[in-house]
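K.L.:
next comes the sequence, and after it the predicted model I'd like to discuss.
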Amino acid sequence: MRLRVLLVALVIFIPSAVATAQFDATQFGETPQTAITLNPTHPSPGDLVTASLDDYSGGVYGSEITWRYNGEVLPGPVNQRQIQFIAGTAGSEAMVEATLSLPTGGTQTLQEVVSPVYMDIIIEPQTRVPDWYAGRSLPSLGSQINATVLLNNGSFIDSQSVVYTWRVNNKVIEGGPIRGGNRVAFPTPRGGSVIVSVNATTPSGETIANRAVSINIVLPELSFYEKHTLYGMKSIPVTANTTLVGSILTVQAEPFFLDTRVYNNPDVAEWEIDNVRTNNGSDNPYEITLRRSGNNGSTNVNFHVRSLREILQGSEESTTINF
Amino acid sequence: MKRTLFIIGGVSIICILVGVWAYFLFFGTPNPDGGVFANFNLGNTDDPSVVIPVEPEPTEPLVDVTSPERLRQLTTQPVAGFAEVQLTPSSTPQARYIEAGTGHIYSIDLETGVETRISATSIPLTNAGVMTPNGRYALMQSGSGLGSEHVIGIISTTSDELRNFAIPGTVTSFAATTENTFVYTIPVGNELVAQSYDPSTNATTELFRIPFRDATIAWGNTESGPHYVYPHTTSRLEGYVYSYTDGVATREPASGYGLSVVGSSAGYIYSEVQDGEYNTYATNRGASNPAPLTIIPEKCVFAQSDASMAICGIALTEFPYLMPDLWYKGEVQMNDSLWEYSVENESTSLLVSPENATGRQLDIVQPQFGINDANLYFQNKVDQTLWIYEYRPINN
């Protein structure tokens, strides 16, 4: 009988205790309050920042609101629940204040400190571009991306004093937050783009900055360039308008944004001259030497490079050489 | 009758063959090492009686420097590097260039137009180079990629021989300073280390460290800088600008896609893609403003005498949103004019249109001022030839 009463009591009281826990925030020390929230929460220098007055207690109702930035009253309409300002320079600290003159008398002042920090995410895809190319390589499917975060609050913040949490497409990588882990490498996932986000905190967990960047994933592109035995590669590509002036022309196929591992060890590297597969006769699979035959005419040159393990890691392109 | 003719012909052929055999017997066979087909030993320098005529120094100008045109083409061959040098404070400046492919160094007297080869030491596959303003040292890149080599050459004043030695490590970027030193970067781990090398003292000094590797450096005129550093430019990834002055890094308030920069102590010019458009801005005294014209910053150089004044190659054309990638790949070529751009006054003025002045379209790269900013040198990207523009003519 006692056991039966105890079970009934448990069935009745335990669910209500859980339900109370969901709504009674006071038992965790969180009272409904009025606060300033910033958007972005951790601005970069020069960012346009929106400060909003969030009132969960209803205490703002009927109050006169005065906004101050670094002690100076912000111009504009009065009694706004939202204002905008430009974040200061890196390393500076500014105070945003909202003074509430309550209808019941008395005032309440809310404050938020703004400490702008640059958070630069430098993406260094490990794909092939020619040495003379001044631009950066771009990520292609399966290639490795190296990413580095640089925090700057007037000078570079020592990465060893920061805990970094990296996410790729919203999945935490590197097994979780890493102190001093401002560099990561990860393979380019499938899809048209990848979102890389970083959260940087102090070792005690206080957020310094957070940021996300979207990176477009490209397909490798192939271009042909004339290679001179003395001068090296010309920086203007061979096109259908190119005319072979001398008797010999060496053409180099340049697969832009091909995974460097595939470039160095391609499964397929084939040349075709006028639709006939040709041995390029060189140790360099990306190079072919053409010799003029006859007085004039044109030749179609085709090159195909590909990995057979990652089929999108490759490119095929043709061009016409006039002579 | 016919038999007689055959006999006479046969005997004649035999006589000729005997004569040739006798010649080789007494005068020797052609030297196989020389790779020459018919070495008749004429003009052998072992024979003191043979006088080899000495080629006279050219007295006629090889380069037309006296032309009244302020814009002139200095070379017809591709050039790997160039500089205006002044051997002594009182001497006349000379234009010097490094021949692409050979590494030979030539000097052009800007008064007489006489061109002289001052280094005949071949450095094959030379494709980039710089020289110190005192004309004594050169730094050249031979080959490309992992197989490239960077050679420092000491130019002789008494012979056309270049004493040279290679810089250890992989050099990713280099320049000469007005202090007659070289500055360059080498990758170490995940960083780039910027160093200076003084060829007169053989001293190497670390200048600063860049915390990533895919960096482009717009070098300043002096070791102390400012040097502007940014990740290699692409319209599809974000870039950021850092300036290094006296080894101290500053994050400049410029970032964006397609970002590239050129700068001086007074400010900098940067371009980036915003909302699908390639736009240019100039920052002076901390304030950034849109530039009147769209500029690829790599086509600009700031004057040494006025750090707020830049000369830029500018094409008045529509810039695709994929700039400057397309220009880097060579798929887009520019028809540039030379413009003067004051970042302080935010004003531009046209100096010269090469197409109007010479009838040729130029895609201007590597602009560089000479001594006292009197002359501006640059290359045409299409054929790598060297050009000069008299920015401040001496007789004006």
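P.N.:
Okay, I see it.

K.L.:
which positions in the stretch 1-150 of chain A make contact with chain B?
P.N.:
Residues of the stretch 1-150 of chain A lying near chain B by C-beta under 8 Å from any C-beta of the partner chain: A:45-46, A:90, A:118, A:120-124, A:130-138, A:146, A:148, A:150. For glycine as for every other residue, the C-beta is placed from the backbone atoms N, C-alpha and C.

K.L.:
now with 7 Å?
P.N.:
A:45-46, A:90, A:118, A:120, A:122-124, A:131-136, A:138, A:148, A:150 (C-beta under 7 Å from any C-beta of the partner chain).

K.L.:
contact partners for A:N70?
P.N.:
Applying C-beta atoms under 7 Å, 6 or more residues apart in numbering or on different chains to A:N70 gives the contacts A:A94, A:M95.

K.L.:
also A:I178?
P.N.:
By C-beta under 7 Å, 6+ apart, A:I178 lies in contact with A:V163, A:Y164.

K.L.:
give me the pLDDT value at it.
P.N.:
Confidence at A:I178, expressed as pLDDT, is 95.

K.L.:
so where is chain A shaky, pLDDT-wise?
P.N.:
Applying pLDDT under 70 to chain A flags the ranges A:1-32, A:57-59, A:77.

K.L.:
how does it divide up, domain by domain?
P.N.:
Following automatic domain parsing, one gets these domains for chain A: A:24-114, A:118-216, A:221-322.

K.L.:
name the SS class of residue 205, please.
P.N.:
Chain wasn't specified; assuming chain A. Following DSSP: H, G, I helix; E, B strand; the rest coil, we place A:G205 in the coil state.

K.L.:
gap between it and A:P177?
P.N.:
Plainly put, A:G205 is 9 Å away from A:P177 if you go by C-beta to C-beta, to the nearest Å.

K.L.:
which one's more surrounded, those two?
P.N.:
Taking other C-beta atoms under 10 Å in any protein chain shown, A:G205 and A:P177 do not tie; A:P177 has more neighbours (17 against 8).

K.L.:
would you turn the domains of chain A into CSV with distance to B:A249?
P.N.:
Formatted as CSV, the domains of chain A follow (distance: least, C-beta to C-beta, whole Å):
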stretch, distance to B:A249
domain A:24-114, 11
domain A:118-216, 6
domain A:221-322, 29
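
K.L.:
I'd like to know which of these is closest to B:S305.
P.N.:
Among the domains of chain A, domain A:118-216 comes nearest to B:S305, with 28.1 Å by C-beta to C-beta.

K.L.:
the closest one: end-to-end distance?
P.N.:
Length of domain A:118-216, first residue to last, C-alpha to C-alpha, to the nearest Å: 23 Å.

K.L.:
now stretch A:134-150
P.N.:
Stretch A:134-150 has its terminal residues 23 Å apart, counting by C-alpha to C-alpha.

K.L.:
what does stretch A:302-318 give?
P.N.:
Distance between the two ends of stretch A:302-318: 4 Å, counting by C-alpha to C-alpha.

K.L.:
now do stretch B:110-118
P.N.:
Across stretch B:110-118, the terminal residues are separated by 15 Å (C-alpha to C-alpha).

K.L.:
quick check: the spatially most central residue of chain A vs B:E238, distance?
P.N.:
Closest to where the C-alpha atoms of chain A average out (C-alpha atoms, centre = their mean) is A:V213, at 2.7 Å. Distance, A:V213 to B:E238, using C-beta to C-beta: 6 Å.

K.L.:
and if you look at A:L244?
P.N.:
Using C-beta to C-beta, A:L244 is found at 41 Å from B:E238.

K.L.:
kindly report the same for A:Y286.
P.N.:
According to C-beta to C-beta, A:Y286 and B:E238 sit 30 Å apart.

K.L.:
helix, strand, or coil at B:V11?
P.N.:
Three-state call for B:V11 (three-state DSSP): helix.

K.L.:
how far away is it from B:L5?
P.N.:
Going from B:V11 to B:L5 by C-beta to C-beta gives 11 Å.

K.L.:
show me what contacts the spatially most central residue of chain B?
P.N.:
With distances taken as C-alpha atoms, centre = their mean, B:G81 lies nearest the centre of chain B, 1.7 Å away. When the contact criterion is C-beta under 7 Å, 6+ apart, the partners of B:G81 are B:Y97, B:I98, B:A128, B:G129, B:V130, B:M131, B:M140.

K.L.:
let's go with 6 Å and repeat that
P.N.:
By C-beta atoms under 6 Å, 6 or more residues apart in numbering or on different chains, the contact list for B:G81 reads B:I98, B:G129, B:V130.

K.L.:
alright, calling it a day.
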